[in-house]
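3D, please:
(one chain, ligands or ions: 1)
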Amino acid sequence: MLGAKAEVRVRVSRSVVGDAEIDAVTAVLKRGFLGMGSEVRAFEEELAQFIGSERTVVCVSNGTAALHAALQASGVGPGDEVLLPTLTYIASFQAVSGTGATPVACDVNPHTCWMDVDDAAGRITPRTKAIMPVHYASGCGELERIYALAQEHGLRVIEDAAHAFGCRWQGQIVGSQGEMACFSFDGIKNITSGEGGAVVTGDPEIASRLQDIRLLGVQRDTEQRFQGRRSWEFDVTEQGWRYHMSDIMAAIGRVQLRRFPEFADARVQLAQRYQQGLGHCPGIQLLDIDYGPVVPHIFPILVQDGKRDRLREALGERGIETGIHYKPNHLLSKYGGGTVRLPGAEKVYQELLTLPLHPLVTREQGDEICRQVMQYMETE
Ligand SMILES: *Cc1c(COP(=O)(O)O)cnc(C)c1O
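Alright, predicted model coming up:
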């Protein structure tokens, strides 16, 4: 019901593809090989070049698959516990439970919306195997403390960087440091391959294990496919999945990677416009993020005084679509149905409102959204 009356004029998020992507897909179709071949190899090389510092990129069918494969390659399995913030897309939780491990929901700092590292530290048990920070709204939070905690307790770190493609943290591009970062190239993320994802790692052994996991566990099939061949005589030593990327998807992704600077500019400019327009709005709290180094995937704001739902409705009536990222996962039946209380996340869940953010939101629309929010908060 909320905000559903008027026709949507400004969508909260959307895919931006054009003739270049269409031409690239057409070329693959004309070549007649649709599977995982030269386009995927080229996309992986270009991504590795973009991220730098001798990383290996393993492309997969989506971001959820990237997380699932990364967890498995880190040795996470049944009986293990994985710490992760409750305020994330359901994909993060499902990737953990998909390995047979138990996702342990951690609270978030209600001012930053990032994982509360002290809360996470308090949930470490002898079964804790890994920690999965989520780069919520494209910022990396207290990543240094998370790595320090992991080192102290011998935990693996898998970064859910689905929001943070192309972002910088402490001057370094996300994925270029640390253990493993997982990206999503879903239609509405910072770049898309239609559907797709990638794991980035600096560890050649993990990389090779990921390459096998994505092709049903068939050993070294990646090398064969990249040469246009298939493995007929092979061995399999562990459970794998059909998680590889196709050349059709990679062709879209390669064009999008070239267009990333254009997308990044548009996203950063709109986020800065929101920061200027709403920085002093009564009852509105913005996340403290330095846009520019951070290329935002979403723009959540916190609406205080119980006004969130009515503001959402008022914007909807003017054709401005908004979102709520996210319902905390510990409230879902599969993940405890609220038996654990996480007050920081439960508080922000009542206040979060995601404003439209994608490269096709115009300057005028950005200003109009600021005006509408201001007007509502000042008068209602
Ligand atoms: C999008 C997203 C994913 C999953 O990516 P898909 O490509 O949709 O499978 C995982 N985690 C977060 C935080 C996301 O936003």
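
show me the shaky parts of this structure.
1-5 (pLDDT under 70).

domains in it, by residue range?
19-255, 261-379 (automatic domain parsing).

start to end distance for stretch 285-304?
8 Å (C-alpha to C-alpha, to the nearest Å).

same thing with stretch 79-95?
Stretch 79-95 has an end-to-end distance of 15 Å (criterion: C-alpha to C-alpha).

report whether that stretch contacts the ligand.
Yes: on the criterion C-beta under 6 Å from any ligand atom, stretch 79-95 is in touch with the ligand at Thr88, Tyr89, Ala91, Ser92. In short, each C-beta sits where N, CA and C put it, glycine included.

could you find the closest non-adjacent residue to the last one?
Read it as Ser92. Asp160 (5.1 Å; C-beta to C-beta, 6 or more residues apart in numbering).

how about the second one?
Take Tyr89 and drop its neighbours on the chain: the residue closest to it by C-beta to C-beta, 6+ apart is Tyr326, 5.9 Å away.

contacts only, for the one you found.
By C-beta atoms under 8 Å, 6 or more residues apart in numbering, the contact list for Tyr326 reads Leu87, Thr88, Tyr89, Ile90.

in the stretch 251-380 of the chain, which residue sits closest to the ligand?
In the stretch 251-380 of the chain, the residue that lies nearest the ligand is His297 (7.2 Å; C-beta to the nearest ligand atom).

could you pull out the buried residues of the longest helix anywhere in the chain?
Longest helix in the chain by number of residues (criterion: DSSP state H): helix 247-278. The neighbour-count check on helix 247-278 (16 or more other C-beta atoms under 10 Å) flags 247-257, 259, 263-264, 266-271, 273-275, 277-278 as buried.

pull up the residues of the stretch 101-250 of the chain that are close to the ligand.
Val134, Asp160, Ala162, His163, Ser184, Asp186, Gly197.

which ones among those map onto strands?
With DSSP state E as the criterion, strands contain Asp160, Ser184, Gly197 from among those.

related to what we said a few turns ago, would you turn the residues of stretch 79-95 next to the ligand into a markdown table with neighbour count?
Below are the residues of stretch 79-95 next to the ligand laid out as a markdown table (neighbours: other C-beta atoms under 10 Å):
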| residue | neighbour count |
| --- | --- |
| Thr88 | 26 |
| Tyr89 | 21 |
| Ala91 | 22 |
| Ser92 | 26 |
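
distance from the chain centre to stretch 308-322, please.
25 Å (C-alpha atoms, centre = their mean, to the nearest Å).

start at 25, not 1
Noted, 25 is the first residue going forward, which turns the last one into stretch 332-346.

what about the helices in the stretch 125-274 of the chain?
For the stretch 125-274 of the chain, the helices defined by DSSP state H, counting those that start in this stretch cover 141-146, 167-177, 228-237, 245-250, 271-302.

what comes into contact with the third one?
I take that to be helix 228-237. Contacts with helix 228-237, where a contact means C-beta under 8 Å, 6+ apart, come from 80, 82, 93-94, 96-98, 204, 223, 225, 242-246, 262, 264-265, 267.

which of those residues count as buried?
80, 82, 93-94, 96-98, 204, 223, 225, 242-243, 245-246, 264-265, 267.

please tell me how far the residue nearest to Ser116 sits from Ser162.
12 Å (C-beta to C-beta, to the nearest Å).

ok, residues contacting stretch 247-257?
57, 59-62, 64-65, 239, 242-245, 268.

got a list of what Gly195 touches?
Shown in contact with Gly195 (C-beta under 8 Å, 6+ apart): Pro317.

rerun at 6 Å
Neighbouring residues of Gly195 by C-beta atoms under 6 Å, 6 or more residues apart in numbering: there are none.

count of neighbours near Tyr160?
Counted with other C-beta atoms under 10 Å, the neighbours of Tyr160 add up to 28.

which residues sit in contact with the residue nearest to it when sequence neighbours are not counted?
The shortest distance from Tyr160 to any non-neighbouring residue, by C-beta to C-beta, 6+ apart, is to Cys137 (5.2 Å). Cys137 sits next to Leu111, Tyr160, Val372 when contact means C-beta under 6 Å, 6+ apart.

try Ser37
For Ser37, the contact set (C-beta under 6 Å, 6+ apart) comprises Ile212, His382.

look at it and give its secondary structure.
Put simply, Ser37 is coil when judged by DSSP: H, G, I helix; E, B strand; the rest coil.

taking the chain, what residue is nearest to the ligand?
Ranked by C-beta to the nearest ligand atom, the top residue of the chain for proximity to the ligand is Gly87, at 2.4 Å.

number of nearby residues for the residue lying closest to that residue once chain neighbours are set aside?
Closest residue in space to Gly87, ignoring its immediate chain neighbours: Ser208 at 2.6 Å, by C-beta to C-beta, 6+ apart. Ser208 sits with 31 neighbouring residues when counted by other C-beta under 10 Å.

does Ser208 have beta-bridge partners, and which?
Beta-bridge partners for Ser208, by DSSP bridges, are Gly221.

same check, this time on Cys83
In this entry, Cys83 is beta-bridged to Ala222, by DSSP bridges.

next up, the contacts around it.
The contact partners of Cys83, by C-beta under 6 Å, 6+ apart, come to Val64, Glu68, Ala222, Met269.

the stretch 275-404 of the chain: helices as residue ranges?
Counting by DSSP H, counting those that start in this stretch, the helices of the stretch 275-404 of the chain are 332-341, 367-375, 387-403.
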